[in-house]
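A.B. asks: test case, fold it:
(chains A and B)
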Amino acid sequence: MAPTSCSLCRDAKAILKRPKTGQQICKDCFFFVFETEVHHTITESELFKPGDRVAIGASGGKDSTVLAYVMKTLNERYNYGLDLFLLSIDEGITGYRDDSLETVKRNQQQYDMPLKILSYDELYGWTMDAIVEQIGKKNNCTFCGVFRRQALDRGAASLNVDHIVTGHNADDIAETVLMNIMRGDIARLGRCTLICTQGEDTIKRSKPFKYAYEKEIVMYAYFKKLDYFSTECIYSPDAYRGHARTFLKDLEAARPSAIIDIIHSGEAFEVKEEIKAAQKAQQTCKRCGYMSSNDLCKACTLLEGLERGMASSVITDRARKKMDAIGPAPDNIRTIPLFRSTPTIAVELPSQS
Amino acid sequence: MAGTMMIKLVFSGGLELLFSNERNQSVLIPSFVPSDNSTHSSPSSSSSTPSSYNDTPSTGETKAADLEYLIYHLRDHLLKERPELFMENGTIRPGILVLINNTDWELEGEGSYQLRNNDEIVFISTLHGG
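C.D. replies: Numbering: from 1, shown residues only, chains lettered A, B, ... in the order given. The predicted structure follows:
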């Protein structure tokens, strides 16, 4: 086949077919449109204001590595005036997270950003290795998910940042829309397409890659030769998400716009007021002070189950009641440190070598 | 003349785990291959000519080696485990990106792309954590 020329500059050889638009574009135009679309996502949603301190949730994987690179690029190009940090959570998974954290440490040097690593061990007194040893591989993703979300919030508070950005991409969000529909989780369906949500304290969380296709993120990393880590978690992956993902990839192969279409469908659902009203009001956890819709937040509930050796029974509300019926929590249950925003913080600064 | 071609291969994004954990590899494939993509006719024999495939279990018809054939060849000869994570319905599994000499294979005719000596084919899985 004769080389196709770029449909934007009409000059250079096209190297990529954009899944979103079907356009065939060259490398330089690809970098430009990819970065510019993220910039538009950021400015149209007014995600940041000058002087904001922003933590990039960094796993060392493709999405967060590209996010760190693009955030740094846009911050410089458009003078956002942001202070950027890398925030990594060490779940304590030998042979997986320890390797990916090495990637994040290289990113810290490459991008010249301060890095904070917060571990499950430090926060909860348990590594994922120890949790899986106690509860097995079933349900361990529940623990990891609840613990990671809270760890990111607490790590962000310790960095005294205003905002956490994560590498969730269009494919991830479309997957979550599908999963929430399949589970009938209307409350989450309403929330999951929001580009920005409020977390603990006044720390905002947002997804600048909400409209970025995974294919383009991976191609961007490939053509920019970005250093990222890609290995599946050694503990059982989220099987339900895996099915949604395979289904979505099959749909995308048949019709690439499927991903953005599903996000738009998710956005178009309107949650009735009475359903919103039935959702539990937010309060603070009686043990650790984190926001919660029950007396105890999810992390404290899961932690109590682990400490009392009843971890497999704390996944549901019913099981929780059963645990309560057996007796109150012992006095020595760990209180998860909150790291309320403080003015002085210790972060690892890039070495000057 | 008919002979073999050297194809450079790159596996990344976690896909290398299915291929002996070697990111960079190369493979020799015949210039002409069975039209039904049967790969069991001593592909590494450099003296192969199209006629030598007539006694294979395939239909005997040949075609110039294309990317579709390469995918079958990799599955049958280089893949070490879980072929369903690499191939699906006669092509690459959705979610794996393919580049032909640094160009998206969707611009090069995908499986029907005719291979040339020293081509570099990159396979990147997007299915691993981000």
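
A.B. asks: what's the domain layout of chain A?
C.D. replies: A:28-279, A:282-336 (automatic domain parsing).

A.B. asks: could I get the ones you listed as JSON lines with distance to chain B and mean pLDDT?
C.D. replies: The way it works is simple: take the backbone N, C-alpha and C, and place the C-beta from them, glycine included. Output for the domains of chain A, formatted as JSON lines (distance: least, C-beta to the nearest C-beta, whole Å; pLDDT from 0 to 100):
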{"stretch": "domain A:28-279", "distance to chain B": "3", "mean pLDDT": "90"}
{"stretch": "domain A:282-336", "distance to chain B": "21", "mean pLDDT": "80"}
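
A.B. asks: ranking these by burial, who's on top?
C.D. replies: domain A:28-279 (a mean of 19; mean count of other C-beta atoms under 10 Å in any protein chain shown).

A.B. asks: any chance you could map the strands in chain B?
C.D. replies: Assigned by DSSP state E, the strands in chain B fall at B:4-12, B:24-30, B:32-34, B:62-64, B:87-88, B:91-92, B:96-100, B:103-104, B:120-125.

A.B. asks: buried residues, the fourth one. List them.
C.D. replies: Judged by neighbour count using 16 or more other C-beta atoms under 10 Å in any protein chain shown, the buried positions of strand B:62-64 are B:62-63.

A.B. asks: among the domains of chain A, which is nearest residue B:82?
C.D. replies: Residue B:82 lies closest, by C-beta to C-beta, to one member of those: domain A:28-279, at 11.4 Å.

A.B. asks: next one: the closest one to chain centre, how far?
C.D. replies: Once both centres are worked out by C-alpha atoms, centre = their mean, to the nearest Å, domain A:28-279 turns out to sit 2 Å from its chain's centre.

A.B. asks: just for chain B, where's the confidence low?
C.D. replies: Applying pLDDT under 70 to chain B flags the ranges B:1-2, B:41-59, B:128-130.

A.B. asks: pull the contacting residues for the residue nearest the centre of chain B.
C.D. replies: Nearest to the geometric centre of chain B sits residue B:70, at 1.8 Å (C-alpha atoms, centre = their mean). By C-beta atoms under 8 Å, 6 or more residues apart in numbering or on different chains, residue B:70 lies in contact with B:7, B:27, B:29, B:115, B:121.

A.B. asks: ok, the fourth one touching residue B:65?
C.D. replies: Yes - with contact defined as C-beta atoms under 8 Å, residue B:115 counts as touching residue B:65 (4.9 Å).

A.B. asks: quickly list what's touching both of these two.
C.D. replies: Here residue B:115 and residue B:65 have B:5, B:29 as joint contacts, going by C-beta under 8 Å, 6+ apart.

A.B. asks: distance of the residue nearest to the centre of chain B relative to chain A?
C.D. replies: Counting by C-beta to the nearest C-beta, to the nearest Å, the gap from residue B:70 to chain A is 17 Å.

A.B. asks: so how far is residue A:265 from that residue?
C.D. replies: Counting by C-beta to C-beta, to the nearest Å, the gap from residue B:70 to residue A:265 is 38 Å.

A.B. asks: what does residue A:15 give?
C.D. replies: Remark: distance between residue A:15 and residue A:265 (C-beta to C-beta) = 31 Å.

A.B. asks: let me see the contact set for residue A:73.
C.D. replies: residue A:35.

A.B. asks: doesn't it belong to a helix?
C.D. replies: Yes - counting by DSSP: H, G, I helix; E, B strand; the rest coil, one finds residue A:73 located in a helix.

A.B. asks: endpoints of stretch B:89-101, how far apart?
C.D. replies: 25 Å (C-alpha to C-alpha, to the nearest Å).

A.B. asks: quick one: it near chain A?
C.D. replies: Yes - Stretch B:89-101 lies within reach of chain A by C-beta under 8 Å from any C-beta of the partner chain, at B:93-95, B:97, B:99.

A.B. asks: how far off centre is that stretch?
C.D. replies: Distance, stretch centre to chain centre, for stretch B:89-101: 10 Å (C-alpha atoms, centre = their mean).

A.B. asks: ok, and for that stretch, which residues are buried?
C.D. replies: Quick answer for stretch B:89-101 (16+ other C-beta under 10 Å): B:91-100.

A.B. asks: all helices of chain B, in order?
C.D. replies: Using DSSP state H, the helices found in chain B span residues B:67-77.

A.B. asks: how about the residues of it by chain A?
C.D. replies: Residues of chain B lying near chain A by C-beta under 8 Å from any C-beta: B:12-14, B:17, B:93-95, B:97, B:99, B:102-104, B:106-109, B:113, B:122, B:124-130.

A.B. asks: buried subset of these, written for PyMOL?
C.D. replies: Selecting the buried subset of these in PyMOL, with 16+ other C-beta under 10 Å as the burial test, is done by:
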select buried, chain B and resi 12+13+14+17+93+94+95+97+99+103+104+106+107+108+113+122+124+125+126+127+128+129+130
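
A.B. asks: ok so, going back, just the closest of the residues of stretch B:89-101 next to chain A to residue A:153, please.
C.D. replies: Using C-beta to C-beta, those come closest to residue A:153 at residue B:95, 30.7 Å.

A.B. asks: do I have it right that that closest one meets residue A:249?
C.D. replies: Yes - counting by C-beta under 8 Å, residue B:95 touches residue A:249, with 4.3 Å between them.

A.B. asks: picking up where we left off before, which one among the contacts of residue B:70 gets closest to residue A:119?
C.D. replies: residue B:121 (40.1 Å).

A.B. asks: which residues does the closest one contact?
C.D. replies: Contacts of residue B:121 by C-beta under 8 Å, 6+ apart are B:7-10, B:67, B:70, B:98-100.

A.B. asks: quickly find the element holding residue A:175.
C.D. replies: helix A:170-183 (DSSP states H and E).

A.B. asks: list the helices and strands that helix packs on?
C.D. replies: helix A:186-192, helix A:214-223, helix A:239-254, helix A:258-268 (3 or more C-beta pairs under 8 Å, 6 or more residues apart in numbering or on different chains; DSSP states H and E).

A.B. asks: can you tell me the strand partners of the following helix or strand past the shortest one and which way each runs?
C.D. replies: The one in question is helix A:186-192. Using DSSP H and E, the helix or strand that follows helix A:186-192 in sequence is strand A:196-198. With DSSP bridges as the test, strand A:196-198 is paired with strand A:204-206 (antiparallel).

A.B. asks: so the closest residue to residue A:42 other than its chain neighbours, which of the three states?
C.D. replies: Leaving aside its sequence neighbours, residue A:42 sits nearest to residue A:208 (C-beta to C-beta, 6 or more residues apart in numbering or on different chains; 5.5 Å). Of the three states, residue A:208 takes coil under three-state DSSP.

A.B. asks: ok, what's across the strand from the closest residue to residue A:197 other than its chain neighbours?
C.D. replies: Using C-beta to C-beta, 6+ apart and skipping the chain neighbours, the partner closest in space to residue A:197 is residue A:205 (5.2 Å). Note on residue A:205: beta-bridge partners residue A:164, residue A:197, judged by DSSP bridges.

A.B. asks: distance check, residue A:205 against residue B:36.
C.D. replies: 52 Å.

A.B. asks: cool, and residue B:83?
C.D. replies: 18 Å.

A.B. asks: what's the answer for residue A:5, then?
C.D. replies: The gap separating residue A:5 from residue B:36 is 36 Å, by C-beta to C-beta.
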